[in-house]
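Asker: Sequence and predicted model, in that order:
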Amino acid sequence: MGFELNRFQGEVDEELVCPICSGVLEDPLQAPVCEHAFCKSCITEWISRQPTCPVDRQSVTSPQLRQVPRILRNLLSRLSINCDNAQYGCTRVLKLDSLSAHLEECEYNPKRPLPCEQGCGLIIPKDEFKDHNCVKELRALIHTQQQKMNEFQQEINEQRFLIAEQRREMQLLKDFMRAMRISNPSMRAIADAMERDEVLRWSNSLQRARVTRWGGMISTPDEILQRMIKRTLTEMGCPPHILDDLMENCHERRWPPGLCSLETRQNNRRQYENYVCKRVPGKQAVLVLYCDNAHMSEDMMVEPGLVMIFAHGIE
Amino acid sequence: MANIAAQRIKREFKEVIKSEEVAKCAIKVELVNDSYTELKGEIAGPPDTPYEGGTFILEIKVPETYPFNPPKVRFMTKIWHPNISSVTGAICLDILKDQWAAAMTLRTVLLSLQALLSAAEPDDPQDAVVAKQYRENLEMFQITARHWTNVYAGGPHVNSDCDDKIRRLVDMGIEEHQARAALSSYNWDLERATEQLFS
Ligand SMILES: [Zn+2]
Ligand SMILES: [Zn+2]
Ligand SMILES: [Zn+2]
Ligand SMILES: [Zn+2]
């Protein structure tokens, strides 16, 4: 809809008036043949009802509408108009083409968004300040946030359920593959690759650990200690197919030749620093996985890796 | 009322008031309420027609969607015309229906209605009885239209023959307008009008 005529200084030429709203043209467009000009919003609304020129009823469709000539746009932009907020006290008179820029910053705009300085700090339209109550606004805000949180919580629960379902399904698939690989050699290769990938992914998700005192190594951990470590490994997401083997390898009887006796351990002390170790959270223990330690010599590693338990000295 | 409709009507109202037709007393428009949703129009019966000398009042209702939809216009003054209902005052005129265009104004509407009084379109009737009379007995139509103009619109031509026949029916206890409508419909044949009224 165009600008009200009585907002302009001086006479406005009839040519600049929209025949539909009888205001001064806003974003004007013209019909192709007869060249009658209208506000964009006015003519769009009319054409949605009837594809004709509202003045002479010649057929016109939306895509046929075009820009008005530059001369007409220049005439429009030079008109002087008062501010939209004149009734709220703004006395500015502007050229039509700078009106929108002024409205952005007009101090008299009753809807100008301002931050509340009574405490809540919310951005609200100026004219709503008189009925504004920080506590009430914040309570409403908390309420909506609470609702959002509940929605998220529900979503999380649904996702968890979904993940559990998928885990179960994956377990079934793995069992299926395990059964298949016994009878089918190519399936065995795929299954092996998948298991290797799984270990690699798990290893990448773990934090590095540094052993400061290799001398604290416990080479013959007792049953209780072993059970504790095993539970922790399960909680860490250890792939089940290596869990038992890993736990077996926490005792010197299963360690590689370079570690299996006090004597060999003494001889290879200098190589300990080269191990890539992963943290076992909350425990004085590290994981030395085979996939992380391909650089170590043959007699210092076993598959799928070692669990080293210490009396102290882990960072 | 939507801004655009109010802005338009305010301006059109001024346009009519300033127009030369008002200067010649041919058309007139008045506000009925402050919100510009309802107006009262007035048109003078055109010269050399049975409506000459009469003043016809129109009810003009401006819809919320004006000017994208036409105003709703109806004759308040009773009139005998093929395109206007002699009972309700409803008008059959294309620009008030599917031929409306958003750039048309109250002034164009009033002038079009005046033109309709000058040139009836009996092939597109609103009142079938009047249209039939117009087609089959133009002289009788003109007598009737002039009589109605005299009685309801202040026209100058008194028709004592018509008045006498109506008086006869009124004496029999028939309401005056009902008597006039019946006589008008039966080409002022008193016998047939009586028959119809008492059947
Ligand atoms: Zn046009
Ligand atoms: Zn417009
Ligand atoms: Zn301003
Ligand atoms: Zn506040």
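Answerer: On my side now, so go ahead. Ligands and ions are numbered 1, 2, ... in the order given.
Asker: Can you name the residues that contact the residue in chain B positioned nearest to ligand 4?
Answerer: With CB to the ion, the shortest gap between chain B and ligand 4 falls at residue B:3, namely 32.5 Å. All C-beta atoms are positioned from the backbone trio N, CA, C, and that covers glycine. Applying CB atoms under 8 Å, 6 or more residues apart in numbering or on different chains to residue B:3 gives the contacts residue A:1.
Asker: Show me which residues of chain B are close to chain A?
Answerer: Residues of chain B found near chain A, taking CB under 8 Å from any CB of the partner chain as the criterion, are B:3-4, B:7-8, B:11-12, B:67-69, B:99, B:101-103.
Asker: one more time with 6 Å, if that's ok
Answerer: Residues of chain B lying close to chain A by CB under 6 Å from any CB of the partner chain are B:4, B:7, B:8, B:11, B:68, B:101, B:102, B:103.
Asker: would you turn those into JSON lines with pLDDT, neighbour count and secondary structure?
Answerer: Below are the residues of chain B next to chain A laid out as JSON lines (pLDDT from 0 to 100; neighbours: other CB atoms under 10 Å in any protein chain shown; DSSP: H, G, I helix; E, B strand; the rest coil):
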{"residue": "B:4", "pLDDT": "89", "neighbour count": "25", "secondary structure": "helix"}
{"residue": "B:7", "pLDDT": "87", "neighbour count": "22", "secondary structure": "helix"}
{"residue": "B:8", "pLDDT": "90", "neighbour count": "25", "secondary structure": "helix"}
{"residue": "B:11", "pLDDT": "86", "neighbour count": "18", "secondary structure": "helix"}
{"residue": "B:68", "pLDDT": "95", "neighbour count": "20", "secondary structure": "coil"}
{"residue": "B:101", "pLDDT": "94", "neighbour count": "19", "secondary structure": "coil"}
{"residue": "B:102", "pLDDT": "94", "neighbour count": "28", "secondary structure": "coil"}
{"residue": "B:103", "pLDDT": "94", "neighbour count": "18", "secondary structure": "coil"}
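Asker: Quick check: of those residues, which lies closest to ligand 3?
Answerer: Closest to ligand 3 out of these is residue B:7 (20.8 Å), distances taken as CB to the ion.
Asker: Helices along chain A, start to end?
Answerer: A:40-49, A:70-77, A:99-105, A:134-183, A:185-204, A:223-235, A:240-248, A:262-267 (DSSP state H).
Asker: Point out the most buried one among those helices.
Answerer: helix A:40-49 (a mean of 18; mean count of other CB atoms under 10 Å in any protein chain shown).
Asker: Report the distance from that helix to the chain centre.
Answerer: Put simply, helix A:40-49 sits 41 Å off its chain's centre (CA atoms, centre = their mean, to the nearest Å).
Asker: and what of stretch A:296-310?
Answerer: 40 Å.
Asker: And for stretch A:75-92?
Answerer: So, by CA atoms, centre = their mean, the centroid of stretch A:75-92 is 44 Å from its chain's centroid.
Asker: Let me see the mean pLDDT of it.
Answerer: Stretch A:75-92 comes out with an average pLDDT of 93.
Asker: Just the buried positions in that stretch, please.
Answerer: Counting neighbours by 16 or more other CB atoms under 10 Å in any protein chain shown, one finds that the buried residues in stretch A:75-92 are A:75, A:76, A:79, A:81, A:82, A:83, A:84, A:85, A:90.
Asker: Any idea how far apart the tips of it sit?
Answerer: 20 Å (CA to CA, to the nearest Å).
Asker: Which residues does that stretch contact?
Answerer: A:7-9, A:16, A:93, A:96-97, A:99, A:103, A:106, A:108-110 (CB atoms under 6 Å, 6 or more residues apart in numbering or on different chains).
Asker: quick check, nearest of those residues to chain B?
Answerer: Of all the contacts of stretch A:75-92, residue A:7 has the smallest distance to chain B: 11.2 Å, by CB to the nearest CB.
Asker: for ligand 2, what are the nearby residues on chain B?
Answerer: Applying the criterion CB under 5 Å from the ion, no portion of chain B neighbours ligand 2.
Asker: Next up, phi/psi of the most centrally placed residue in chain B, please.
Answerer: With distances taken as CA atoms, centre = their mean, residue B:75 lies nearest the centre of chain B, 4.3 Å away. For residue B:75, the backbone dihedrals are phi -80, psi 120 (criterion: degrees, to the nearest 10).
Asker: and it, how far is that from residue B:88?
Answerer: Distance, residue B:75 to residue B:88, using CB to CB, to the nearest Å: 9 Å.
Asker: Mind listing the shared neighbours of those two?
Answerer: Taking CB under 6 Å, 6+ apart as the contact rule, residue B:75 and residue B:88 have no neighbour in common.
Asker: pLDDT wise, what is the closest residue to residue A:182 other than its chain neighbours at?
Answerer: Counting by CB to CB, 6 or more residues apart in numbering or on different chains, residue A:182 lies nearest to residue A:188, which is 7.9 Å off, once chain neighbours are set aside. Residue A:188 is assigned 81 on the pLDDT scale.
Asker: you'd agree residue B:180 is up against residue B:167?
Answerer: No. Using CB atoms under 6 Å as the test, residue B:180 is too far from residue B:167 to be in contact (10.8 Å).
Asker: Which one's more surrounded, these two?
Answerer: When neighbours are counted by other CB atoms under 10 Å in any protein chain shown, residue B:180 and residue B:167 differ, and residue B:180 comes out ahead with 27 against 12.
Asker: which SSE is that one in?
Answerer: Following DSSP states H and E, one finds residue B:180 within helix B:176-185.
Asker: Show me which parts of that helix are buried, residue by residue.
Answerer: Using 16+ other CB under 10 Å as the burial criterion, the residues of helix B:176-185 that qualify are B:179, B:180, B:181, B:182, B:183, B:184, B:185.
Asker: What is that helix packed up against?
Answerer: Under the contact criterion of 3 or more CB pairs under 6 Å, 6 or more residues apart in numbering or on different chains; DSSP states H and E, helix B:176-185 touches helix B:160-171, helix B:190-198.
Asker: can you list the ones you listed in CSV and add distance to residue A:253 and mean pLDDT?
Answerer: As requested, those are exported to CSV (distance: least, CB to CB, whole Å; pLDDT from 0 to 100):
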stretch, distance to residue A:253, mean pLDDT
helix B:160-171, 132, 94
helix B:190-198, 126, 92
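Asker: now for those helices, which one comes closest to ligand 1?
Answerer: helix B:160-171 (48.1 Å).
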